[in-house]
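Chemist: model this:
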Amino acid sequence: MSEQKRPKTIEMDEKCINTIRTVAIDTVQKANSGHPGAPMGCAPMAQALFSHVMNFNPSNPKWSNRDRFVLSNGHACALQYTMLHLLGYKVSIDDLKQFRQVGSITPGHPENHMTEGIEVSTGPLGQGISNAVGLALAERHLAGVYNQPGFDVVDHYTYVICGDGCLQEGVSAEASSFAGHNKLGKLIVLYDDNHITIDGSTNLSFGEDVLKRYEAYGWHTLSVSDGNSADLTDLRQAIEDAKAVTDKPTMIKVTTIIGFGSAKEGTHSVHGAPLGDEDIANVKTKFGIDPSKTFYVPDDVRDYFNQVSARGAEKEAAWNAMFSKYESEHADLAAQFQRAISGELPEGWESTLPSFDASAKTEGSRKYSQKVLASLVDQIPELIGGSADLTPSNNTKVKGNEVDCTPETPEGRYIRFGVREHAMSAICNGLAAHSGVIPFCATFLTFAGYALGAMRLSALSGFRVLYVYTHDSPGLGEDGPTHQPVETYAHLRALPNLFFFRPADGSETVGAYKAALSHAHTPSVFALSRQGIPNYDDTSAEKVAQGAYVLKDADNAKLIIAASGSEVSLAMNAAKVLDQEGIATRVVSFPCWSLFNEQSQEYKESVFTPGTPVLSVEAANTQGWAKYSHAQVGIDSFGMSGPGSKVLAHFGFTVDNVVEKAKKVVSFYKGSAPALTQVAF
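Modeler: Now for the predicted structure:
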């Protein structure tokens, strides 16, 4: 860059930065809600990244080789929406004026499914930077699978802006440790070091040396002392230096003033409330913008960003030309890449799934899952994942994913997440967000408690993440109540857009995976047993997709026993005794509540006949079962340590107890019980 051109470049950057700031604060002011301080402080970082560094094409936001950007401090989303508008994404001035309003595409925190150009849903601090680790891991894995000499089909960076809050959350520590260990050199984080939290100065609660911590994680670290300046030379140079280090992720500490230009700059008062008309007028005057104008974008700024977007379109055009040649020379890989990026499953992916009948060996459903996973890994090359240091217990290492995904073997399909359940789940969200891979992750079901922050965002974001969760009940035995997830079913079933499967045997395990993979925008949890559960001839992989179905019927049934997972065999054994005693009993296997709720009223009543009393049997908290059953055999306390069969017996999971409770239910309702599936609306 020549000395003659440099001042003009700085002048244009300054005009763009100040436009970003003032449009962002107008956005917050119009809503009378939001966070103006961070957009004002981070505007130079946004200008550097979007105008000078990143490759993207607003006319095709899903271009597969675009650089990914994550605003981890999602409360600053007025900044991101402003950038999307200026760059020509489908975010209009009217959309900015509808910030934080019902039905708008500019919600109070970024949501990937709402707004074009948003990669991941952020707002819960720490999630975005952790998702970015997954995005960077996906890039490296896909490059290892698809790139060939002369054809860098996958070659892009993941950039993050984050704040102090993100770095205080534990999930970011887990994810950052993973990123450093895995040498994710194409992950570059810009840390907005503004010294302010909601309570006040960061000195109140956060005094550590962040860069030293990240050095210990194995990151490359840099700092920019003046992040407020319109002269972006130092910031751009730091980013270039980061890109030059290929074997480490980079953390760039960028020191800024929150609310730069405001009368409240540098204080917590500017964090989470509109500036007010007087302060906004002063800010605009200071930045050379007419204070009488709102949402004002000067023509030369508009032209500038149009040119930035045009360069992005040229970048994609060059990539498309390269990919056309790649298709000619590597047709099979090209076809697989395009299919995987689209999210479509390969033709015939179900063809080699195992089958089970009553003669099959009795094993824990975690073992049935292993057999199913082996088939799927063979048929679906984009299916990758791993365990939180519980591989031998979760049974997730199978033929086809023997090679670990490491810096040395990026094409490997097994991920060693370590004891990092929360980050594991957040990383899987990033993997799913990237496209081209379908992630699974595994741990014990009780440790969903560690992962719930990320699991909730899987559901909100519509990411097809498969959670393989074993040791699903007090039947696991001696590890005791710390490991027995009695309350977890209710929590996961309550999450919208998440399937909680508890399969009864091998066939239902097959069905659970089929249903999960067939829903491209819904995460799924497989709750799998440690203890052995028998297989049945009449269970159905296909009927799992209906959520619940009649496993054993009886003419003129006086009772219905509904059960899931390992308790289905107990229900079958109890029904046999009841039949012999003249109480005709139907058994309903109930692997997934959410899928059953989607069925027609006619189907629901075919399973739960109106007037017939229902007894549910499940080795967990009974919360929620009143919607489907008149009485419940469950565990409304913590579990206990002991051999699994004895623990279950202690809590009443025996044939004798279920039969006794069943008789009481039949006697109580005297042949006519309220129809639970019939509701007013």
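
Chemist: OK, contacts around A138?
Modeler: Residues near A138 by CB atoms under 8 Å, 6 or more residues apart in numbering: G430, L431, H434, S435, G436, V437. C-betas here are computed from N, CA, C, even on glycine.

Chemist: Identify the farthest-apart pair in the residues you listed.
Modeler: In the contacts of A138, the most distant members under the criterion CB to CB are G430 and G436, with 12.1 Å between them.

Chemist: which of these two has more neighbours?
Modeler: Residue environment comparison for G430 versus G436 gives the larger neighbour count to G430, 29 against 24, counting by other CB atoms under 10 Å.

Chemist: Quick check: that one touching I129?
Modeler: No. Counting by CB atoms under 8 Å, no contact exists between G430 and I129, whose distance comes to 9.7 Å.

Chemist: okay, now the nearest residue to V301 once chain neighbours are set aside: neighbour count?
Modeler: For V301, ignoring the flanking residues on the chain, the nearest one in space by CB to CB, 6 or more residues apart in numbering is T19 at 4.8 Å. Neighbourhood size, T19 [other CB under 10 Å]: 24.

Chemist: chain center to the strand or helix carrying T19: distance?
Modeler: Using DSSP states H and E, the secondary-structure element containing T19 is helix 5-31. A distance of 33 Å separates the centroid of the chain from that of helix 5-31, by CA atoms, centre = their mean, to the nearest Å.

Chemist: And for stretch 404-415?
Modeler: Mean-position distance between stretch 404-415 and its chain equals 21 Å (CA atoms, centre = their mean).

Chemist: First-to-last residue distance for that stretch?
Modeler: Stretch 404-415 has an end-to-end distance of 6 Å (CA to CA, to the nearest Å).

Chemist: Tell me the buried residues in that stretch?
Modeler: Counting neighbours by 16 or more other CB atoms under 10 Å, one finds that the buried residues in stretch 404-415 are C405, T406, P410, E411, G412, R413, Y414, I415.

Chemist: likewise stretch 603-620?
Modeler: Applying a neighbour-count criterion of 16+ other CB under 10 Å, the buried positions in stretch 603-620 are 603-604, 607-608, 612-620.

Chemist: In helices only, show me the residues you listed.
Modeler: Secondary-structure check on the buried residues of stretch 603-620 using DSSP state H: residues within helices are Y603, K604, V607.

Chemist: Using JSON lines, lay out these together with pLDDT.
Modeler: Formatted as JSON lines, these follow (pLDDT from 0 to 100):
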{"residue": "Y603", "pLDDT": "98"}
{"residue": "K604", "pLDDT": "97"}
{"residue": "V607", "pLDDT": "98"}
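
Chemist: Quickly name whichever of the residues you listed is closest to W63.
Modeler: Proximity of those to W63 was ranked by CB to CB; the top entry is Y603 with 42.6 Å.

Chemist: which residue packs closest to the closest one, ignoring adjacent ones?
Modeler: By the measure of CB to CB, 6+ apart, the closest residue to Y603 outside its immediate chain neighbours is Q546, 6.8 Å from it.

Chemist: who does the helix of greatest length in the chain touch, helix- and strand-wise?
Modeler: Longest among the helix segments of the chain by residue count, using DSSP H, is helix 299-329. In this structure, helix 299-329 makes packing contacts with helix 5-31, helix 77-87, helix 331-342, judged by 3 or more CB pairs under 8 Å, 6 or more residues apart in numbering; DSSP states H and E.
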